[in-house]
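1. Please work out how this folds:
(one chain, ligands or ions: 1)
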Amino acid sequence: MTDQTANELPPGAGSLLRAEAVIDLDAVRANTARVGRIAAASGAGVMAVVKADAYGHGAVPCARAAKEAGAAWLGTALPEEALELRAAGITGPILSWLHPVGAPWEQLITAGVDVTAYAQWALEEITAAAQRIGIPARVQLKADTGLGRGGTQPHDWLELVERAAKAEAAGHMKITGVWSHFACADEPGHPSIRAQLDAFTEALAVADQAGLRPEVRHLANSPATLTLPEAHYDLVRPGLALYGLSPLPDVTPAELGLRPAMTLRARVALVKTVPAGHGVSYGHAYHTAADTALALVPLGYADGLPRNSSNVGEVLIAGRRHRIAGRMAMDQFVVDLGDPAAARGVHAGDQVLVFGPGDHGEPTAEDWARATGTLNYEIVTRIGPRVPRVYVGNS
Ligand SMILES: *Cc1c(COP(=O)(O)O)cnc(C)c1O
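-> Here you go, the predicted model:
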């Protein structure tokens with residue numbers, strides 16, 4: 001490895017064999033504190049959303065970091081994600097919101113996880129589980145204020161809250177929260193935002209008239225946390241912003257006071273020269289224009305890199321950006337380093353920065369998203385379990 005590449009290694013270097021995702025927990029803490037200050041200005045707390053393994057960053061370490069930085073609540077989509085946090089010894093309020101029929105309600109209630117209901121079947125299953133174990137469930141009700149995905153439609157809302165109020169009066173559950181989710185908060189000024197705020201106000205009024213006194217009301221995901229104080233209520237519910245990525249098109253993380261937490265890196269597995277006109281990788285979707293040096297990078301779509309990064313994705317090697325040459329394969333891809341004489345400083349074992357905060361000139365998750373026609377959310381979340389996570393900034 002040359003000194004130049006050694007200098008590029010982020011803190012925590014030394015363990016990298018094939019590839020790893022370096023997760024900067026100081027960044028997660030700083031980002032959580034940043035959204036915490038924004039929320040606090042409207043009197044709200046933070047529910048740190050750590051679903052999907054904290055968007056690929058590692059649920060347990062990120063949940064701990066977010067709590068250290070002041071997040072009072074944790075949020076997960078799936079019940080098993082909430083239970084994973086409890087199994088790791090994480091205390092404090094946790095909400096989960098996407099439960100299949102037959103969810104492990106008893107385990108969730110016993111673990112003190114707040115569960116979400118937006119259908120009668122869920123209220124019934126939760127009631128039955130609470131009766132079986134003799135512990136009241138902590139339940140939050142979710143209204144569909146216009147997203148048209150999960151949540152209860154306005155015409156069914158009154159019946160849901162009345163049944164919930166009955167179950168609460170019977171001692172089977174405590175209704176701890178009422179909440180909803182935005183469709184277009186990443187497009188400030190979109191007319192659906194105002195409509196959803198109004199619908200949420202109405203849903204809260206109906207719940208109040210039914211006698212419910214929830215501890216928390218919440219609506220704001222990352223973009224609403226950053227742009228819409230009116231939506232903050234008692235808690236904001238950011239995910240993406242905690243990991244330092246921007247939820248707003250054409251706004252950088254730095255402009256929002258955020259720092260990307262994940263750096264994906266690998267080591268070059270092979271450098272070799274090939275003649276002009278040589279096909280590269282499956283389907284020969286790329287041919288060398290001249291005698292050239294190729295570098296093989298041992299990461300592929302099985303690790304979560306999008307296959308449609310073929311011929312468009314970029315990485316940083318020895319301080320220079322290089323485009324992926326040919327198809328992204330399951331386990332590996334190739335970059336064309338160009339003139340073999342100029343590439344002589346690049347060797348097997350050198351570091352490849354796939355994406356990161358951009359400090360060294362490496363692409364960002366945003367760059368990868370733009371190149372492959374998707375969102376930064378998907379780029380980090382899909383980095384798979386075959387890529388070890390290495391944590392830096394552990395306090
Ligand atoms: C994923 C999710 C969030 C967080 O969204 P971000 O845009 O990542 O902040 C909040 N609430 C719910 C219900 C979610 O599913």
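2. how close does L17 get to the ligand?
-> Plainly put, L17 is 31 Å away from the ligand if you go by C-beta to the nearest ligand atom, to the nearest Å. C-beta: built from backbone N, CA, C; applies to glycine.
3. Likewise for T176?
-> Taking C-beta to the nearest ligand atom as the measure, T176 falls 16 Å from the ligand.
4. The helix or strand where that residue lies - which strands sit beside it in the sheet, and in what orientation?
-> Assessed by DSSP states H and E, T176 sits inside strand 173-179. Sheet pairing of strand 173-179 (DSSP bridges) gives strand 137-142 (parallel), strand 216-220 (parallel).
5. Near the ligand, which residues of the stretch 51-200 of the chain are found?
-> Taking C-beta under 6 Å from any ligand atom as the contact definition, the stretch 51-200 of the chain meets the ligand at 51, 77, 97, 181.
6. So the closest residue to T227 other than its chain neighbours: helix, strand or coil?
-> Nearest residue to T227, sequence neighbours excluded (C-beta to C-beta, 6 or more residues apart in numbering): P188, at 4.8 Å. What DSSP: H, G, I helix; E, B strand; the rest coil gives for P188 is coil.
7. Counting neighbours, what do you get for P188?
-> If you count neighbours by other C-beta atoms under 10 Å, P188 ends up with 13.
8. same thing with A30?
-> When neighbours are counted by other C-beta under 10 Å, A30 comes out with 19.
9. do the same with G257
-> 16.
10. Find the nearest non-adjacent residue to it, please.
-> That would be R34: by C-beta to C-beta, 6+ apart, it lies 4.9 Å from G257.
11. Counting neighbours, show which residues of stretch 282-299 come out buried.
-> For stretch 282-299, a neighbour-count test (16 or more other C-beta atoms under 10 Å) marks 286, 288, 292-299 as buried.
12. Likewise for stretch 246-261?
-> Residues of stretch 246-261 classed as buried: 246-248, 253, 256-261 (neighbour count, 16+ other C-beta under 10 Å).
13. Ok, stretch 92-99 next?
-> For stretch 92-99, burial by neighbour count (16+ other C-beta under 10 Å) applies to 93-97, 99.
14. Quick check, central residue of the protein?
-> Centroid-nearest residue in the chain: Y55, 2.7 Å away (criterion: C-alpha atoms, centre = their mean).
15. where's it, which helix or strand?
-> helix 51-56.
16. cool, L353 as well?
-> According to DSSP H and E, L353 maps onto strand 351-355.
17. try I383
-> Going by DSSP H and E, I383 is not in any helix or strand.
18. Would you agree it is in contact with M262?
-> Yes: assessed by C-beta atoms under 8 Å, I383 is found in contact with M262 at 7.5 Å.
19. and for the two, which residues touch both?
-> Common neighbours of I383 and M262 (criterion: C-beta atoms under 8 Å, 6 or more residues apart in numbering): 21, 56.
20. which bits of the stretch 201-350 of the chain sit near the ligand?
-> Contact residues, the stretch 201-350 of the chain versus the ligand (C-beta under 6 Å from any ligand atom): 221-222, 237-240, 247.
21. Can I get stretch 354-368 in CSV, CA atoms only?
-> C-alpha atoms of stretch 354-368 as CSV (Å, rounded to 0.1, in the frame of the first residue of the first chain):
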residue,chain,number,x,y,z
VAL,A,354,-16.9,3.1,-2.9
PHE,A,355,-18.8,5.9,-1.1
GLY,A,356,-18.6,8.0,2.0
PRO,A,357,-18.9,11.5,3.2
GLY,A,358,-16.9,12.8,0.3
ASP,A,359,-14.0,14.2,2.3
HIS,A,360,-11.4,12.5,0.2
GLY,A,361,-13.1,13.0,-3.1
GLU,A,362,-14.9,9.7,-3.0
PRO,A,363,-18.4,9.5,-4.3
THR,A,364,-21.3,9.9,-1.8
ALA,A,365,-24.3,7.6,-1.4
GLU,A,366,-26.1,10.4,-3.2
ASP,A,367,-23.8,10.1,-6.2
TRP,A,368,-24.4,6.4,-6.3
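22. Can you give me the buried ones in that stretch?
-> 354-358, 360, 362-368.
23. Which of those residues fall in strands?
-> Among the buried residues of stretch 354-368, the ones falling in strands (DSSP state E) are 354-355.
24. Looking at the buried residues of stretch 354-368, which one is closest to the ligand?
-> Lowest distance from the ligand to the buried residues of stretch 354-368 (C-beta to the nearest ligand atom) belongs to A365, with 13.0 Å.
25. which residues of this protein fall in helices?
-> With helices called from DSSP state H, the chain shows them at 3-8, 25-40, 51-56, 59-68, 79-87, 105-110, 120-133, 154-169, 191-209, 222-227, 365-372, 376-381.
26. Quick one, grab the pLDDT at the residue lying closest to E255 once chain neighbours are set aside.
-> In space, and not counting its chain neighbours, E255 is closest to S246: 7.5 Å by C-beta to C-beta, 6+ apart. Per-residue pLDDT puts S246 at 98.
27. need the contact list for S246.
-> Going by C-beta under 8 Å, 6+ apart, S246 touches 240, 252-253, 255-256, 258, 366, 376.
28. Could you do D114 as well?
-> 93-96, 138-140, 176-177.
29. Roughly how far does it sit from the ligand?
-> According to C-beta to the nearest ligand atom, D114 stands 13 Å off from the ligand.
30. If that residue is in a bridge, with which residues?
-> L95.
31. of all the contacts of D114, which comes closest to V22?
-> Nearest to V22 among the contacts of D114 is I94, at 26.7 Å by C-beta to C-beta.
32. Hmm, the residue nearest to the centre of the chain is touching L240, no?
-> Yes: assessed by C-beta under 8 Å, Y55 is found in contact with L240 at 6.7 Å.
33. Show me whatever sits in contact with both of these two.
-> Y377.
34. and A88, how many residues sit next to it?
-> Under the neighbour criterion other C-beta under 10 Å, A88 is assigned a count of 12.
35. Quick check: the nearest residue to it once chain neighbours are set aside vs the ligand, distance?
-> Spatial nearest neighbour of A88, chain neighbours left out: V60 (4.4 Å); criterion: C-beta to C-beta, 6+ apart. Taking C-beta to the nearest ligand atom as the measure, V60 falls 18 Å from the ligand.
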